[in-house]
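Chemist: Based on what follows, work out the 3D shape:
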Amino acid sequence: QVQLVESGGGSVQAGGSLRLSCVAFGYTNCMGWFRQAPGKEREGVAARYTGGAATYYADSVKGRFTISQDNAKNTVYLQMNSLKPEDTAMYYCAADSACGSWPIVGGAFAYWGQGTQVTVSS
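Modeler: Numbering: from 1, shown residues only. You can find the predicted model right below:
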C-alpha cells in the first residue's frame, strides 16, 4: 500500500510559476502527475521512474513543466513555469510499480493523492 500526499497548488497569474510536491509513503518505482479540468478528461502530465531512467511529458507542457525527485525525502516535484489559463485544473499525484506505456494513462496507476487545485488567471 502506498499513500501519497500532495501540496503546492494555488492561484497565479498567467506567466507565473508554481511547484507541486508529492510525498510517497511506501515503495514506488514510478510517480506521475495527472490533471483534470471541469468538463474535461483526465490528462497525464508528466511521469518518471524513481531511478530516473525515463521521463514522460505531455506535449502541452513540454518545455514549461519539469518533474523531479528527491529520493532522500521520497518526494516528487512538478515545477510549472510559464503557466497558462488552460493549465487550470485539479492536479493529482499517482504512483505504481511501473509507469505503463507513454502517454501515461490513469488506469496504469494504483495509488493516487487527494489532488491539489491549480488556478491560472489571465
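
Chemist: ok, what's across the strand from the residue nearest to the spatial centre of the chain?
Modeler: With distances taken as C-alpha atoms, centre = their mean, residue 33 lies nearest the centre of the chain, 2.1 Å away. For residue 33, the beta-bridge assignment (DSSP bridges) gives partners residue 46, residue 93.

Chemist: surely it meets residue 79?
Modeler: No: using C-beta atoms under 8 Å, residue 33 is not in contact with residue 79, being 10.8 Å away. All C-beta spots, glycine's among them, are computed from the backbone N, C-alpha and C.

Chemist: list the residues that contact both of those two?
Modeler: Jointly contacting residue 33 and residue 79 under the rule C-beta atoms under 8 Å, 6 or more residues apart in numbering are residue 67.

Chemist: Identify each buried residue in stretch 35-54, please.
Modeler: Residues of stretch 35-54 classed as buried by neighbour count (16 or more other C-beta atoms under 10 Å): 35, 42-50.

Chemist: again with stretch 115-122
Modeler: In stretch 115-122, counting by 16+ other C-beta under 10 Å, buried: 115-116, 118, 120.

Chemist: which residues sit against that stretch?
Modeler: Against stretch 115-122 from outside (C-beta under 8 Å, 6+ apart): 6-14, 16, 18, 20, 35, 80, 83-92.

Chemist: With stretch 22-31 instead?
Modeler: Residues contacting stretch 22-31 (C-beta under 8 Å, 6+ apart): 1-7, 33, 47-51, 69, 73-78, 93-100, 109, 111, 113.

Chemist: which ones are touching the nearest residue to residue 7 once chain neighbours are set aside?
Modeler: Of all residues not flanking residue 7 in the chain, residue 21 sits nearest, at 5.0 Å (C-beta to C-beta, 6 or more residues apart in numbering). Residues near residue 21 by C-beta under 8 Å, 6+ apart: 6-8, 75-77.
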